[in-house]
Each structure stands twice: as C-alpha cells, then as structure tokens.
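Peer 1: from the sequence below, what's the structure:
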Amino acid sequence: MHNNQIFSEYSNENNKSRKWWHRRWFKFVCISLIIITIFAVILSVVLISVGVSSKKSENATTITISSSLTTIMKTTTTTLSQSTVTITLSTEATTITTTQNLGWINSSNMNYPRYRHTASILPGGKILVAGGLDDNTAINTVELYDPSIKTWTTTSNMIDKRWEHTASILINGKVLITGGYNNAALKSTELYDISKGTWRHTTSMNHARYYHTASVLTNGKVLVTGGSISGIPNSAELYDSSIETWTSTSNMYNGRYYHTASILTNGKVLVTGGYNTGGALNSTELYDSSVGTWKITGSMHNARYYHTASVLTNGKVLVTGGSNGSALKSVELYDPLLETWKITGSMHNARYYHTASVLINGKVLVTGGYDGGALDSAELYDPLTEIWTTVDNMKNRRWVHTASVLPNGQVLITCGYDNHTLDTNEIYNP
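Peer 2: Predicted structure coming up:
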C-alpha cells in the first residue's frame, strides 16, 4: 500500500511536470509566432517604403525642380502578454515635396549660332527665331523652339538674308519681317505662314531701312518708323495686312534710329530717343493712329540709344540704360496720363544692347548687354518700390541677344555675342 501511494504521488507529480512544460512550450511557441509576425510586418513596411521612395526618385525632374523630404513618424504599440512583453514599432512614411529651382538653367542649343536676330512668340507659345548675323555674315536660317519639349527644330529659311530687321505677329497669325541689312539697307518684306511653315515675299516698303521699329497697332496695321536709311530717316509707313500694301503716313518730327517704339494702353505709339547726325536724342513723340499724326511729348532726362522701353502693368513706360557715348545705368518712367518723365531707381550695372522683359508678376527682368565687354549680370525692377535687385548671373555673357517671356512665365534667352557668335540658350525661372 505504501508503495502504491508513493507511485501514485510520483505519477501525479510527473503529470504536473509534463503539463507545466506543455503550458510553457505553448507560451513559447505563441510568443515566437507573434515575434515572427511582427518582424514580417516590419520587413514589409520597410520594403514598401523603399520601393515608393525609389519610384518617386526615378520620376523626379532633376533639371527644373529640387526635392525635399519630410518624414512623419507613426508609433504602434503591441502587447504580447498581460504584463511581461511589450514591443514598440516605428514605421516611417515619406512624403516628397517639390520646389522650383529659381534662377538660370541651360536650355538646348540652337542649330545655328546668331546675333542681331529676332525672336517672336507665336500663337500657341512656340518661339520663331529668324535671321541675324553669324560672324559678320548675314543669315536667313529660321528655327522654332517648343517650350513643352524644350527643343529647337529648323523650319523654312527666309527668302532674303538679313539682320537688324523687325518681326511682327499680325492679327491673322502670320509673321511679317521688314527691312534689315545685307550689304545694303533692305526694303523687302516677307510673310511666314505658321500653318505651312513657309515664307513668301509681300509688298516692299517705300523706303529701305534697318535699325528701325515696327509696331502692330490696335487696328491691326503695322507702323514702321525711322531707321538708318538713305533719304528720309524721319519717315514712317503703314502696312495693311488685309490687302498687303504699304502707305506713307505723317513723318516724325525727328529722324532717328536705334530708338524704341511702344504701344501704350490708350493705343498710341510712344517713340523714344535714338540717334541721328546730331548724336544721341532725348526727344520723344506720340503717334495717334486714329488721325495718323505725330506730336511731341515730354523729353527724357537723358539722351540715349541702344536702350529698352517696356510698358508696365500700370500703363507707365520704363526706359532702361542705353548709351550716349558710354553705357548708362539711369532709368526713367513715362506717365501717359501726364505725358511727363521722371527719374526712377538706377540699375546696378550700366548697359546697352541688353534686353528687358515684363514678367507675369509685373516686375521687369533686365539681362546682359554691353559695357566695355559682354555682360552676364541680370537684375529685377519692382514697379511698386521702384527699386532694382540683382539676381543670379546668366550662364553666359552676351549682348545683342533676345529675351522672350514663355507662356509658363519663364524667360528664354537666345544666342547673342561674346567675342564670338553664340548658339547657347538659357531659361530664367522667376
């Protein structure tokens, strides 16, 4: 009996021991499975995060934007038992924000280097660049820039080689090229048909001219003024695109070339400065297309040529730089309501043969030009404060170049000259 009791107690103890080990093993297995599951979740999150980050990185545009990473941490707490095991996981979610890369970026080169050319913004946003000089040789090559794919393609050549000509977008969408120079002043004019990509001659002007201006009036006619010509440098004539004919209109009071012509918000044309046999001019005059006559308006404070004139969003006209024998940094404002001029803030750099572009934010971007050598400097004028601020220099020094405000607000600078003819182009991101 005693032995049986001992055996029974031994068996009970043994059974208790086995049950204890089974329970312990079961807990161990459960904990192990939970830990494995957690690590599997961690691994999945990491792999997904890496994949998303890699995919977004591959799709980033490295030329025009820069990416900054913002990391958001999310904390998850998992309890494995009632009181003993707590594991805290951290998962990382990444968002990508893009910011514009302000300043200058290189754009694709043109097929033909050139300076003293024209650049016209066509309906639809493409840029038509025509003619100019290549190492003192007149050219007739023409190219189109497509802002959507940032590439240049050649189109039909002009019929005549020419430089210091004008290019005007007519109300019918065609492009009118007038005058220019090629061994002599030209009176020939040409029309570019955008839909066909072809050129043809139209009626010649009454006077051969270069260093002149051409302005598309509110009635659709084109007013050509002055220029360096033999005969009458104060002459002006009108082109009627509906019948393709030229007619003389009233002469300006002063013969001039290297001048500017601006269409005011009231439809009148303001001609400023320029040069004639007497030297640099400070005189300005207004053309009224409704009656076809000129009148003298207020004179500028400084005589100048090779300058720029920009119609601001407030209707005033900003005249910058130029030369009166040496480069100028002075700037003036014309008020069409009062017909008066006033001095405004001077540029940081004196310059002539530069460009001035009215941006979509109303500020004016001035680029390059010449002052003892080609310039790469650029600066911005704020009409609200009348103050100039410098911006990043262009990638290349250049003068006798062009600047075109693209539909997206960027500014395309094309070619120019810097001890040699340039084929380089660059874009300003305001």
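Peer 1: tell me the domain ranges of the chain?
Peer 2: Following automatic domain parsing, the chain resolves into domains at 2-100, 103-429.
Peer 1: so for the residue lying closest to Arg209 once chain neighbours are set aside, what's the pLDDT?
Peer 2: Leaving aside its sequence neighbours, Arg209 sits nearest to Gly227 (C-beta to C-beta, 6 or more residues apart in numbering; 3.2 Å). Glycine gets a C-beta too; all of them are placed from N, C-alpha and C. pLDDT, Gly227: 97.
Peer 1: Gly227 and Leu333: what is the separation?
Peer 2: 26 Å (C-beta to C-beta, to the nearest Å).
Peer 1: among the domains of the chain, which gets the worst mean confidence?
Peer 2: Among these, domain 2-100 carries the lowest mean pLDDT, at a mean of 46.
Peer 1: what about Thr198, how many neighbours?
Peer 2: By other C-beta atoms under 10 Å, 11 other residues sit near Thr198.
Peer 1: mind listing what the closest residue to it other than its chain neighbours touches?
Peer 2: Excluding its sequence neighbours, the residue lying closest to Thr198 (C-beta to C-beta, 6+ apart) is Ser156, at 5.1 Å. Contacts for Ser156 (C-beta atoms under 8 Å, 6 or more residues apart in numbering) come out as 142, 197-199.
Peer 1: selection in ChimeraX covering whichever of these are buried, please.
Peer 2: Provided next is the ChimeraX selection string for whichever of the contacts of Ser156 are buried by 16 or more other C-beta atoms under 10 Å:
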select :142,199
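Peer 1: of the contacts of Ser156, which pair is most distant in space?
Peer 2: Maximum pairwise distance among the contacts of Ser156 (C-beta to C-beta): 10.5 Å, between Val142 and Thr198.
Peer 1: just to revisit the earlier point, which of the domains of the chain is buried the deepest?
Peer 2: Highest mean neighbour count among the domains of the chain (mean count of other C-beta atoms under 10 Å): domain 103-429, with a mean of 19.
Peer 1: what segments of the stretch 301-430 of the chain are strands?
Peer 2: Counting by DSSP state E, counting those that start in this stretch, the stretch 301-430 of the chain has strands at residues 308-311, 317-320, 331-335, 340-344, 355-358, 364-367, 378-382, 387-391, 402-405, 411-414, 425-429.
Peer 1: as a markdown table, those with distance to Asn206 would be great.
Peer 2: Converted to a markdown table, the strands of the stretch 301-430 of the chain look like this (distance: least, C-beta to C-beta, whole Å):
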| stretch | distance to Asn206 |
| --- | --- |
| strand 308-311 | 25 |
| strand 317-320 | 28 |
| strand 331-335 | 29 |
| strand 340-344 | 32 |
| strand 355-358 | 30 |
| strand 364-367 | 35 |
| strand 378-382 | 38 |
| strand 387-391 | 41 |
| strand 402-405 | 27 |
| strand 411-414 | 31 |
| strand 425-429 | 36 |
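Peer 1: among those, which is nearest Thr151?
Peer 2: Of the strands of the stretch 301-430 of the chain, nearest to Thr151 by C-beta to C-beta is strand 425-429, at 10.9 Å.
Peer 1: do you know how far Arg116 is from Thr308?
Peer 2: On the measure of C-beta to C-beta, Arg116 and Thr308 end up 15 Å apart.
Peer 1: again, but for Trp163
Peer 2: Using C-beta to C-beta, Trp163 is found at 19 Å from Thr308.
Peer 1: ditto for Asn393
Peer 2: 19 Å.
Peer 1: isn't Ser289 up against Val269?
Peer 2: Yes. Between Ser289 and Val269 a contact is recorded at 7.2 Å, counting by C-beta atoms under 8 Å.
Peer 1: common neighbours of those two, please.
Peer 2: With C-beta under 8 Å, 6+ apart as the test, Ser289 and Val269 both reach 217, 223.
Peer 1: OK, contacts around the residue nearest to Arg209?
Peer 2: 179, 185, 207, 209-213, 233, 257.
Peer 1: roughly how far does it sit from Asn276?
Peer 2: Relative to Asn276, and taking C-beta to C-beta, Gly227 is found at 11 Å.
Peer 1: what do the two both touch?
Peer 2: With C-beta under 8 Å, 6+ apart, Gly227 and Asn276 have common neighbours 233, 257.
Peer 1: contacts made by stretch 275-285 with the rest, please.
Peer 2: 233, 252-259, 270-274, 294-305, 323-325, 334, 341.
Peer 1: quick one: end-to-end length of that stretch, please.
Peer 2: 14 Å (C-alpha to C-alpha, to the nearest Å).
Peer 1: distance from the chain centre to that stretch, please.
Peer 2: On the basis of C-alpha atoms, centre = their mean, to the nearest Å, stretch 275-285 sits 33 Å off its chain's mean C-alpha point.
Peer 1: from here on, count from 514
Peer 2: Sure thing, new numbering starts at 514, so read that last one as stretch 788-798.
Peer 1: my read: Lys855 touches Ser843, true?
Peer 2: No. Taking contacts as C-beta under 8 Å, Lys855 lies outside contact range of Ser843: 11.7 Å.
Peer 1: for this structure, which segments are assigned as helices?
Peer 2: Under the criterion DSSP state H, the chain contains helices at 515-572.
Peer 1: from Thr903, how far off is the residue nearest to Ala680 when sequence neighbours are not counted?
Peer 2: Spatial nearest neighbour of Ala680, chain neighbours left out: Thr631 (3.8 Å); criterion: C-beta to C-beta, 6+ apart. From Thr631 across to Thr903, the span is 28 Å (C-beta to C-beta).
Peer 1: ok so, going back, give me the common contacts of Val655 and Thr711.
Peer 2: By C-beta under 8 Å, 6+ apart, the residues touching both Val655 and Thr711 are 669, 705.
Peer 1: which one of the contacts of Gly740 sits closest to Gly638?
Peer 2: Distances from Gly638 to the contacts of Gly740, taken as C-beta to C-beta, are shortest for Thr726 (24.5 Å).
Peer 1: confirm for me that that closest one is in contact with His772.
Peer 2: Yes. With contacts counted by C-beta under 8 Å, Thr726 reaches His772, the gap being 6.5 Å.
Peer 1: hey, what's in contact with both of these two?
Peer 2: The contact sets of Thr726 and His772 overlap at 738-739, 784 (C-beta under 8 Å, 6+ apart).
Peer 1: inside strands: which ones of these?
Peer 2: Residues of the shared contacts of Thr726 and His772 located in strands (DSSP state E): 738, 784.
Peer 1: okay, the shared contacts of Thr726 and His772 in JSON lines with distance to Gly922 next?
Peer 2: Putting these into JSON lines (distance: C-beta to C-beta, whole Å) gives the following:
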{"residue": "Thr738", "distance to Gly922": "31"}
{"residue": "Gly739", "distance to Gly922": "33"}
{"residue": "Val784", "distance to Gly922": "29"}
